[in-house]
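Participant: got a predicted structure plus its sequence, pasted below:
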Amino acid sequence: MKRTAKKTSRKTPPKAARAPRGTAGVGTPPLSVVVLAAGQGKRMNSALPKVLQKLAGAPLLRHVLETTRELAPAALHVVYGHGGEAVRAAFDGEVLQWALQAEQKGTGHAVQQAMPAIPDDHLVLVLYGDVPLLRAATLRELVSLAGPKRLALLTVELADPTGYGRVLRDARGRVRSIVEHRDASAAQRRVREGNTGVLVAPARSLRGWLARLRSNNAQGEFYLTDVIAMAVRDGISIAPLVATEESEVLGVNDRLQLAQLEAVLRRRHADAAMLAGAQLADPARFDQRGTLELGRDVFIDVNVVFEGTVRLGDRVRIGPGCVLRDVTLGADTVVQAHSVLEQAEAGVHCSIGPFARLRPGARLADQVHIGNYVEIKNSTIATGSKANHLTYLGDASVGAGVNVGAGTISCNYDGVNKARTVIGDGVFIGSGSMLVAPVTVGEGATIGAGSTITEDAPPGQLTLARSRQVTVARWKRPAKRPR
């Protein structure tokens, strides 16, 4: 499917037109999935192949593959072409079978490239790398309708089907063929049921139909859709499934359509979060780009971005404008506005921000306070410790009940090597202190404000490192000469 459908309330065909639902079970043929991902995507006006364009932070093809894997197929084939090496490199190390379509001659020709590796006794599910929002539940139902003597076809009812192939049915509601928009007559173009291009067919029959395809059409291509009429002539029944949501089957051809799908996916994620018990200040300004696990009574303010895997405990509150990437937060923790957390963890009853940054390796125990313009990297902060203002703690181990004064820096990098700072329990560090690693501050020690600590500070003692204060008498500030 090559254009974006307008949103409409769906009207399903009469019951006679819908095939009875099948059920997968013992004896179900193995499933091979073929994902067509060879398109160039000229209308994207991008150097990237179309299937590598990002949707919710991940390539379009990634969304398709992740959904497909929920079906546990016997094999997953990707047909690639334009920008092929870039596409393969983006999925390097994954269990995929690649088939090159060196010359793009249509969807039927594309499927042919994968067929040599598919056994005759398999079912073949054909998907598209630029149709990323299909749900696994929809695909499971579609697969359940297919069999050795039955082809399953996913269709959609459209308010404006311009550009779509039309599904043609007989008087009894049975699918007889598909005609592409360019090849359709005026009467056929009035049909509102559109072809999504997604189908499940028995491999042995599909192989034969593909061999019989001809390119005598307006585009001079080998259409996969022509196999529908062939199946009917061969006595294979067609089991149609009408998609319940148009958004599921929308494809991407340009950046406008990509933005439309982004909005659909954002809303889908927002709905799921609210059904899981989260309160969203504004569902339209909620942005999930990975996996989000939610406790109860979580509150999420506007313009928060979630990336990777994020886990939020009960009653967590996230302020506006925050970014959380691969983060775990314990119950009752609060992240104030405009904070950025990446590959970090926090326990229960923590307070973070505003304008705080937790970098990879930041590990906060319970009841830790990290305040405004504080940055933590590769450091552990034990229970009840505080760093409330303008502080950098990198490669540090901070004990429990520590107070870190404003402007404190753990000087962990000498330009070549990283070194660690160890701060014991109950330490008080005065404002403006420099802790030059490697250095240890003993339990219960106090560091005087403005100190530069280059040697270990003993426990329970006050340690100072200041130059002598001098006042220069009769000194005058330089003045500009009059012109």
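Facilitator: Nice, I can see it.
Participant: any idea which element Ala270 lies in?
Facilitator: Under DSSP states H and E, the secondary-structure element containing Ala270 is helix 255-275.
Participant: where does this structure have low pLDDT?
Facilitator: When the per-residue scores of the chain are filtered using pLDDT under 70, the ranges that remain are 1-27.
Participant: what does the domain assignment say about it?
Facilitator: If you go by automatic domain parsing, the domain ranges for the chain are 20-249, 255-463.
Participant: please compute how far the shortest one lies from its chain's middle.
Facilitator: So the one you mean is domain 255-463. In terms of Cα atoms, centre = their mean, to the nearest Å, the centre of domain 255-463 is set 23 Å apart from its chain centre.
Participant: what packs against the helix holding Ala270?
Facilitator: Helices and strands in packing contact with helix 255-275 are listed as strand 54-55, strand 279-280, strand 286-294; criterion 3 or more Cβ pairs under 8 Å, 6 or more residues apart in numbering; DSSP states H and E. (C-beta placed from N, C-alpha, C; glycine too.)
Participant: can you list the ones you listed in JSON lines and add distance to Val79?
Facilitator: Below are the helices and strands packed on helix 255-275 laid out as JSON lines (distance: least, Cβ to Cβ, whole Å):
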{"stretch": "strand 54-55", "distance to Val79": "20"}
{"stretch": "strand 279-280", "distance to Val79": "39"}
{"stretch": "strand 286-294", "distance to Val79": "27"}
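Participant: I'd like those as CSV, with mean neighbour count appended.
Facilitator: Rendered in CSV, the data for the helices and strands packed on helix 255-275 read as follows (neighbours: other Cβ atoms under 10 Å):
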stretch, mean neighbour count
strand 54-55, 17
strand 279-280, 15
strand 286-294, 18
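Participant: to Arg483, which of the ones you listed lies closest?
Facilitator: Between Arg483 and the helices and strands packed on helix 255-275, the shortest gap by Cβ to Cβ is with strand 286-294, which sits at 56.9 Å.
Participant: CA atoms only: put the closest one into CSV for me.
Facilitator: Below are the C-alpha coordinates for strand 286-294, written out as CSV (Å, rounded to 0.1, in the frame of the first residue of the first chain):
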residue,chain,number,x,y,z
PHE,A,286,3.8,12.1,25.5
ASP,A,287,6.7,10.6,23.6
GLN,A,288,7.6,6.9,24.1
ARG,A,289,10.4,5.6,21.8
GLY,A,290,11.1,2.2,23.5
THR,A,291,9.7,0.0,26.2
LEU,A,292,8.0,1.6,29.2
GLU,A,293,7.1,-0.4,32.4
LEU,A,294,4.8,1.4,34.8
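Participant: give me the neighbour count for the closest residue to His369 other than its chain neighbours.
Facilitator: Spatial nearest neighbour of His369, chain neighbours left out: Lys386 (4.2 Å); criterion: Cβ to Cβ, 6 or more residues apart in numbering. Other residues near Lys386 come to 20 when the count uses other Cβ atoms under 10 Å.
Participant: coming back round to it: of all the helices and strands packed on helix 255-275, which lies closest to Ile178?
Facilitator: Distances from Ile178 to each of the helices and strands packed on helix 255-275 were compared using Cβ to Cβ; the minimum, 27.2 Å, belongs to strand 54-55.
Participant: measure stretch 452-460 end to end?
Facilitator: Counting by Cα to Cα, to the nearest Å, the length from the leading to the trailing residue of stretch 452-460 is 18 Å.
Participant: what's the answer for stretch 34-54, then?
Facilitator: Between the opening and closing residues of stretch 34-54 we find a distance of 21 Å, counting by Cα to Cα.
Participant: show me the strands in the stretch 151-300 of the chain, by range?
Facilitator: 166-169, 175-179, 193-202, 237-242, 279-280, 286-294, 299-300 (DSSP state E, counting those that start in this stretch).
Participant: dump those into TSV; add distance to Val35 as well.
Facilitator: Written out in TSV, the entries for those read as follows (distance: least, Cβ to Cβ, whole Å):
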stretch	distance to Val35
strand 166-169	22
strand 175-179	20
strand 193-202	11
strand 237-242	19
strand 279-280	33
strand 286-294	21
strand 299-300	33
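Participant: out of the ones you listed, deepest packed?
Facilitator: Of all those, strand 193-202 has the most neighbours on average by mean count of other Cβ atoms under 10 Å, namely a mean of 26.
Participant: could you check the angle strand 237-242 makes with it?
Facilitator: Counting by axes from the mean of the first three to the mean of the last three Cα atoms, to 10 degrees, strand 193-202 points 130 degrees away from the direction of strand 237-242.
Participant: how far off centre is strand 193-202?
Facilitator: Taking mean C-alpha positions (Cα atoms, centre = their mean), strand 193-202 and its chain are 26 Å apart.
Participant: list the helices and strands it packs on?
Facilitator: Packed against strand 193-202, as judged by 3+ Cβ pairs under 8 Å, 6+ apart, are the following elements: strand 123-128, helix 136-145, strand 150-157, strand 166-169, helix 226-233.
Participant: can you lay out these as JSON lines showing distance to Gln113?
Facilitator: Supplementary listing: those in JSON lines, determined by distance: least, Cβ to Cβ, whole Å:
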{"stretch": "strand 123-128", "distance to Gln113": "12"}
{"stretch": "helix 136-145", "distance to Gln113": "22"}
{"stretch": "strand 150-157", "distance to Gln113": "20"}
{"stretch": "strand 166-169", "distance to Gln113": "26"}
{"stretch": "helix 226-233", "distance to Gln113": "15"}
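Participant: I'm done for today, thanks for sticking with me.
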